[in-house]
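Chemist: with the input below, show me the fold.
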Amino acid sequence: QLQMKESGGGSVQPGGSLRLSCTPSGFRLGLYSVAWFRQVSGKEREGVACFAGDSGPIHYADSVKVRFTISRDNAKETVYLQMDSLLPADSGVYFCSASRFHQPGWSDFTAWGQGTQVTVSS
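Modeler: Numbers count the residues shown, from 1 in each chain. Predicted coordinates for the structure are as follows:
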């Protein structure tokens with residue numbers, strides 16, 4: 001079973017930055033597509049950023065374009081999400097996931113971890 005482990009969440013003021021990290025458990029990133037999702041209590045999990053295959057393309061949700069950057073370092077077996085200019089609406093639990101598909105849709109991601117909490121508040 002594919003699993004992921006996220007870290008790097010925390011509390012930050014509006015306009016601040018955070019960098020989330022994610023590592024796979026039980027498999028190597030290799031050619032897997034990777035993505036970040038977030039979930040706010042009472043709402044469905046939503047896709048935030050996707051890195052298709054091992055070389056892209058990269059897709060962002062409209063709400064985070066320009067502000068968030070997804071990247072991966074296969075040598076370190078780590079996926080990152082750099083989040084800048086954070087807004088209170090960005091608060092939620094962030095999950096990293098992986099998919100065997102090279103051009104995946106959001107529903108093709110099936111590997112999940114426990115998530116990491118991000119709180120943006122003044």
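Chemist: helix or strand for the most centrally placed residue in the chain, which one?
Modeler: Centre of the chain computed as the mean C-alpha position; nearest residue by CA atoms, centre = their mean is residue 36, 2.0 Å away. Take DSSP states H and E as the rule and residue 36 turns out to sit in strand 33-39.
Chemist: shaky segments in this structure?
Modeler: Judged by pLDDT under 70, the chain has no weakly predicted residues.
Chemist: can you give me the strands for it?
Modeler: Counting by DSSP state E, one finds strands in the chain at the ranges 3-7, 10-12, 18-25, 33-39, 46-51, 58-60, 68-73, 78-83, 92-99, 116-120.
Chemist: out of those, nearest to residue 106?
Modeler: strand 46-51 (4.0 Å; CB to CB). Every C-beta, even on glycine, is put in place using the N, C-alpha and C of the backbone.
Chemist: contact partners of the closest one?
Modeler: Where contact means CB atoms under 8 Å, 6 or more residues apart in numbering, the residues beyond strand 46-51 that reach it are 33-39, 58-61, 64, 68-72, 79, 81, 94, 104, 106, 109.
Chemist: just checking: what are the partner strands of it?
Modeler: strand 33-39 (antiparallel), strand 58-60 (antiparallel) (DSSP bridges).
Chemist: would you convert these into TSV that also reports distance to residue 6?
Modeler: Rendered in TSV, the data for the strands paired with strand 46-51 read as follows (distance: least, CB to CB, whole Å):
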stretch	distance to residue 6
strand 33-39	9
strand 58-60	18
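Chemist: most tightly surrounded among those?
Modeler: The densest packing among the strands paired with strand 46-51, expressed as mean neighbour count by mean count of other CB atoms under 10 Å, is seen in strand 33-39 with a mean of 23.
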